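1. structure of the sequence below:
(3 chains)
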Amino acid sequence: MMNKIITDENPMVPFLGKLKYVRDLGNEIKLLGVELMDGGALAFSEYHPGQFAFVSAFGVGEAPFGIASTPARSGILEFAIQRLGTVTTELHRLGQGDVVGIRGPMGNCFPMHDFAGKNIILLGGGIGGAPLRPVIHTILDNRKDYGHFTILWAARHPSLLIFTDEYEEWRSSPDCELHLTVDHPDQTWDHNVGLITELLAKVAPSPHNAVTITCGPPVMIYYVNQVLNKLGFQPEQNFVTLEARMHCGIGKCGRCNLGDKLICVDGPVFKMTEVGQFLESYL
Amino acid sequence: MTMITRSALFRWLDEMAEELPLIAPSYVEGILLYRQVSKSSEVAMARERPVLSPKEVFFPSTEVLFTINKNGDKLRLNETLPVKEQVVFGVKACDARGLSSLDAMFIDTAPADPYYAAQRKLTTVIGMKCKEMGETCFCTELGLSPDDPSGVDISLAEFEEGFDVQVMTQKGLDLLNRYLQDGADFYIDRSPLSGCTDATQPTRVVLPEAKTFPLLFEDAMWDEVAERCLSCRICAYACPTCRCFDIRDEELPASAGERRFERIRCWDSCTRNAYRRTAGGHDPRAGKGERLRNRIYCKYYYFPRRYGQLSCTGCGRCIDLCPVNIDITEILRRIVEVRQFP
Amino acid sequence: MTISAEIQAKAAEWLTSGDVACVVGYERGTHGRTRPAFIYQGEDVARLIFDKTCTHNLTTYLPQLFNDGSLMKATHKLAPDASIAIITKPCDIRAINVLIGENQVSRERLKVIGVVCEGILDGAGKRAFVECEPIYTYQRRCRSCSERVPLVYDFLIGESVSPELVQEEENLRGIQDLTTSERAKYWLAQFDRCIRCYACRQVCPLCNCPACLYERDDSLWVGMGFGVDEKRTFHLGRAFHLAGRCVGCDECERVCPMGLPISLLNRRLAQEIETMFGYRPGIKPAFSPLTSILQQEQGIP
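-> Numbering: from 1, shown residues only, chains lettered A, B, ... in the order given. Next up, the predicted model:
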């Protein structure tokens, strides 16, 4: 598990970045591409799937977002941002050329080396898919390092499915399968309808030599974990990336605790053996 | 013991107050608080502890982290770290322990918080040993003692004749040498140092074993003990070790064509409503019992596991101030009882 | 029978018969302090007491109990039609009337045990009281109290107060005699040491907005900081929101760790409302005239 590059910089003061591009990803969801300047470019020259960063909408505040890009594919830092509160509303208001603040990279990362040779089952729900995109890219870019790759990708409605332009690449990569599902279809939808838990039970991946990676709303993580248990997956095979309301991101403000763990520094990636016990962040 | 006369102390305080910010217990409309004083006569030599702890000197209730200047498409950030040297006077053992608890988290665990660390470096702490314990004090139950000099730079103890001086750090020695003259201000008293002479029995506290906490996480007791909780923030704000904070940008006045903001951090409390509510609406601690459980667990289980020290010093402020008598020592006794007789 | 014994008997009767699911009352806590108690079983009624240390305004728990289960997540989840009994002093009962008038509480589901009250002692809730100690003083609100017999009740305890009990003149510390600019100067200086703990707001039965204007995540009306401007705005604004609704229980001032004269401000505005409208909140269930009278010709509720 890598940590961010520790520098002498004040960890509370963000690096400055310019919005290189802003793309629509879905209903009230945008992809922001941030080009870092000066010290930020150095800090983010290396980061890993699962890490997050604080994005500042100056004048309003900042909020944590999973990094949705990988350095291998992109020199631009990408975030998928759903408009929900004060900070995200301001970020949605910004356009190409506007300046934002970035603090990070923060948190731990997915142990991609430990996944080598294993079958991977990846479950992304809604905006929760964003921090999983670098995992997908890493696997596809190093295909022979990993076993069979099953992606279950879900949202409440087709307009909330993100990275739709990448599904063809995911689906057609060797030894990969992609399953899509929505709770509420529209007229053009011709894939699965139903919750991701129902889809998971239907696909019923084998727990043999496999790991699972889940991200989505807390209640989804909880119920997916129950289905995984029924399918025979052991807690040490199941990885999640969690979210919480955060403010400092560096383990000082005390807010994001899950038991004695802090999601910002001990996570956001956890094995279910570590977090199964204290359930408060799920329900 | 090395002692200074009363007049020497007051002269020392006066001289310090003239040269740098001197923060000491002082009465403000009848409420004892740590305040910057301009002369020794404003310092209250009170037995009681101030209503708030001195943590606000190092971790202010509102602190500017940096300012933001926006001029067209140009954006500039100006970091606003503490720069002023200062002295805090009259810090009791419980509050000094609170500072060392905050140090373990803010400074000793990387990355160090530059604001808190700077303020600690710039401040010399003069402690005052307690001669008696208050009705709600229980520092002794947590392995502390009211006349413990650790955690401060100079530890004083008040006697009829003057003040015993115990220098604890180089920083303390430097401050002493700056203001006090050998011979003129000091004298040696041959009588033995008498510590805290108090015979009051503090509230009995039995700290639950660490393994008890996970076992009681789902217990019904949390909703029950929290039922009368008002979800205010008094306990967290008065506590010498609580340190949760919120961060936000707020606008400042600016000249035409420019916009200015400051990024501030402010005290927050895990006991309040919506403390953990996300913008999406998920609120893992919507219930008062869940919030109170987190407060207790953080102090006696989570914080010690991470930082090696309790997040409680037995100062008793939360017990004094809680409007509905939620008593942290009663809760600890209850945990031990529930464990013994499930 | 002592008052406490009467209360215990009534609580036991209602709980065992199933007439109520919960009794909200007072018990003795640690360090000799009285505190609120929630009793769900008949066998626990022995905890209930009533004496001159019962300072808390228990009606503050009613909106939580009735409306928002998440705030109160009690050990015994109350059924949607469950009744609640509450032990109240005459001042607290006026708060019930305001809550009923504002649709925050259902009268049908409430069983009020009203207690005739001679007064509550200064320091109640904050210290133990020793019977053989010298005379204690009553709280300021009690010294100028004008109704010691509850206006509303389902069960009344006590008959009358002793004839020696004198009603003092309302003591507003001479505020009303100051000029406007003197008064402004006074009030603007009062809130500097506030620490925005919100205990005053949380303890108040009439401050029951799900989201407080002064605590928004977007700092729309007031910033998050502990500056003087923010704190004045909060206190002065809150006083206006309470004008015509506050019943003067003084709990806000009792709970304040900084000794701010919060209730003094509320009482000052209450004095103005009484002069302007001839109205005292809580005498009957109604909206404050400040929020309900739109035309000069309209009658006072």
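2. quick one, strands of the stretch 51-200 of chain C?
-> For the stretch 51-200 of chain C, the strands defined by DSSP state E, counting those that start in this stretch occupy C:84-88, C:110-115, C:155-157.
3. okay, these, which one's buried deepest?
-> Counting by mean count of other Cβ atoms under 10 Å in any protein chain shown, strand C:84-88 has the highest mean neighbour count of these, with a mean of 24. For glycine as for every other residue, the C-beta is placed from the backbone atoms N, C-alpha and C.
4. which positions in the stretch 201-301 of chain C make contact with chain B?
-> Neighbours of chain B within the stretch 201-301 of chain C, by Cβ under 8 Å from any Cβ of the partner chain: C:201-203, C:217, C:219, C:223-227, C:251, C:254-255, C:257-259.
5. tell me which of the strands of the stretch 51-200 of chain C lies nearest to chain B.
-> Counting by Cβ to the nearest Cβ, chain B lies closest to strand C:84-88 out of those; the figure is 12.8 Å.
6. will you turn the strands of the stretch 51-200 of chain C into a markdown table that also has distance to C:Gly18 and mean pLDDT?
-> Formatted as a markdown table, the strands of the stretch 51-200 of chain C follow (distance: least, Cβ to Cβ, whole Å; pLDDT from 0 to 100):
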| stretch | distance to C:Gly18 | mean pLDDT |
| --- | --- | --- |
| strand C:84-88 | 12 | 95 |
| strand C:110-115 | 12 | 96 |
| strand C:155-157 | 17 | 95 |
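7. hmm, back to that, restrict the residues of the stretch 201-301 of chain C next to chain B to those near chain A?
-> The residues of those that also fall near chain A, by Cβ under 8 Å from any Cβ, are C:Asp217.
8. follow-up on the earlier one: A:Cys248 is nearest to which of the strands of the stretch 51-200 of chain C?
-> strand C:84-88 (41.8 Å; Cβ to Cβ).
9. okay, and for the stretch 151-300 of chain B, where does confidence drop off?
-> Residue ranges of the stretch 151-300 of chain B with pLDDT under 70: B:182-185, B:188-202.
10. which ones are touching the closest residue to chain A within the stretch 101-250 of chain C?
-> Here the residue of the stretch 101-250 of chain C nearest chain A is C:Asp218; by Cβ to the nearest Cβ that distance is 4.3 Å. When contacts are counted by Cβ atoms under 8 Å, 6 or more residues apart in numbering or on different chains, C:Asp218 touches A:Val60, A:Thr86.
11. surely it is in a strand?
-> No - secondary structure of C:Asp218 (DSSP: H, G, I helix; E, B strand; the rest coil): coil, not part of a strand.
12. for C:Arg35, see how far away it is.
-> Per Cβ to Cβ, to the nearest Å, C:Asp218 is found 36 Å from C:Arg35.
13. B:Phe59 now?
-> Applying Cβ to Cβ to B:Phe59 and C:Arg35 gives a distance of 30 Å.
14. so is the strand ranked longest in chain A next to chain B?
-> In chain A, assigned by DSSP state E, the strand with the most residues is strand A:15-26. Yes - using Cβ under 8 Å from any Cβ, strand A:15-26 reaches chain B at A:Leu16.
15. residues in contact with that strand?
-> A:30-40, A:43-44, A:76-77, A:80, A:94-103, A:155, A:159-163, B:75, B:77.
16. and the average pLDDT for that strand is what?
-> In this model, strand A:15-26 has a mean pLDDT of 96.
17. now the element after it, going C-ward?
-> strand A:29-36 (DSSP states H and E).
18. can you put the strands of the stretch 51-200 of chain C in TSV and add distance to A:Pro71?
-> Formatted as TSV, the strands of the stretch 51-200 of chain C follow (distance: least, Cβ to Cβ, whole Å):
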stretch	distance to A:Pro71
strand C:84-88	60
strand C:110-115	64
strand C:155-157	73
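19. distance to chain A for the ones you listed - can I get that in CSV?
-> Output for the strands of the stretch 51-200 of chain C, formatted as CSV (distance: least, Cβ to the nearest Cβ, whole Å):
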stretch, distance to chain A
strand C:84-88, 27
strand C:110-115, 32
strand C:155-157, 40
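20. what parts of chain A come near chain C?
-> Where chain A comes near chain C, counting by Cβ under 8 Å from any Cβ, the residues are A:Val60, A:Gly85, A:Thr86.
21. for the last one, which non-adjacent residue is closest in space?
-> Nearest in space to A:Thr86, with sequence neighbours left out and distances taken as Cβ to Cβ, 6 or more residues apart in numbering or on different chains, is C:Asp218 at 4.3 Å.
22. wait, B:Pro284 touches A:Val219, no?
-> No - with contacts counted by Cβ atoms under 8 Å, B:Pro284 stays clear of A:Val219, the gap being 10.8 Å.
23. and the two? Which one has more around it.
-> A direct count of neighbours by other Cβ atoms under 10 Å in any protein chain shown for B:Pro284 and A:Val219 places B:Pro284 higher, at 22 against 12.
24. I'd assumed that one was in a helix, is it?
-> No - B:Pro284 is assigned coil when assessed by three-state DSSP, not a helix.
25. how close does it sit to C:Val23?
-> 31 Å.
26. before we move on, what about C:Thr2?
-> C:Thr2 is 17 Å from C:Val23, where distance means Cβ to Cβ.
27. which one of the two has more residues nearby?
-> C:Val23 (28 against 11).
28. I'd guessed the more buried one sits against C:Leu15; true?
-> Yes - if you go by Cβ under 8 Å, C:Val23 and C:Leu15 touch, sitting 6.4 Å apart.
29. quick one, helices of the stretch 51-200 of chain B?
-> B:55-58, B:93-106, B:114-122, B:170-179 (DSSP state H, counting those that start in this stretch).
30. so which of the ones you listed is the most packed in?
-> Mean neighbour count (mean count of other Cβ under 10 Å) peaks for helix B:93-106 among those, with a mean of 24.
31. dump that helix to PDB, keeping only the CA atoms.
-> Presented in PDB, the C-alpha positions along helix B:93-106 are these (Å, rounded to 0.1, in the frame of the first residue of the first chain):
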ATOM      1  CA  ALA B  93      -1.800  19.100  35.100                       C
ATOM      2  CA  CYS B  94      -5.000  17.800  33.400                       C
ATOM      3  CA  ASP B  95      -4.700  20.500  30.700                       C
ATOM      4  CA  ALA B  96      -1.000  19.900  30.200                       C
ATOM      5  CA  ARG B  97      -1.800  16.200  29.600                       C
ATOM      6  CA  GLY B  98      -4.500  17.400  27.100                       C
ATOM      7  CA  LEU B  99      -1.800  19.200  25.200                       C
ATOM      8  CA  SER B 100       0.400  16.200  25.100                       C
ATOM      9  CA  SER B 101      -2.500  14.100  23.900                       C
ATOM     10  CA  LEU B 102      -3.100  16.600  21.100                       C
ATOM     11  CA  ASP B 103       0.700  16.600  20.300                       C
ATOM     12  CA  ALA B 104       0.600  12.900  19.800                       C
ATOM     13  CA  MET B 105      -2.000  13.300  17.000                       C
ATOM     14  CA  PHE B 106      -1.300  16.700  15.600                       C
END
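32. what's the overlap in contacts for C:Val23 and C:Leu15?
-> Contacts common to C:Val23 and C:Leu15, judged by Cβ under 8 Å, 6+ apart, are C:Ile39, C:Tyr40, C:Val45.
33. if the first one is in a bridge, with which residues?
-> To tie it back to what came earlier, the one meant is C:Ile39. With DSSP bridges as the criterion, C:Ile39 is bridged to C:Val23.
34. list the contacts of it.
-> Contacts of C:Ile39 by Cβ under 8 Å, 6+ apart are C:Ala11, C:Leu15, C:Cys22, C:Val23, C:Val24, C:Gly25, C:Val45, C:Arg47, C:Leu48.
35. try it again with 7 Å
-> Contact analysis of C:Ile39 by Cβ atoms under 7 Å, 6 or more residues apart in numbering or on different chains lists C:Ala11, C:Cys22, C:Val23, C:Gly25, C:Val45, C:Arg47, C:Leu48.
36. what's the closest of those to chain A?
-> Using Cβ to the nearest Cβ, those come closest to chain A at C:Cys22, 25.0 Å.
37. check whether the closest one really touches C:Ile84, as I assumed.
-> Yes - taking contacts as Cβ atoms under 7 Å, C:Cys22 lies within contact range of C:Ile84: 5.1 Å.
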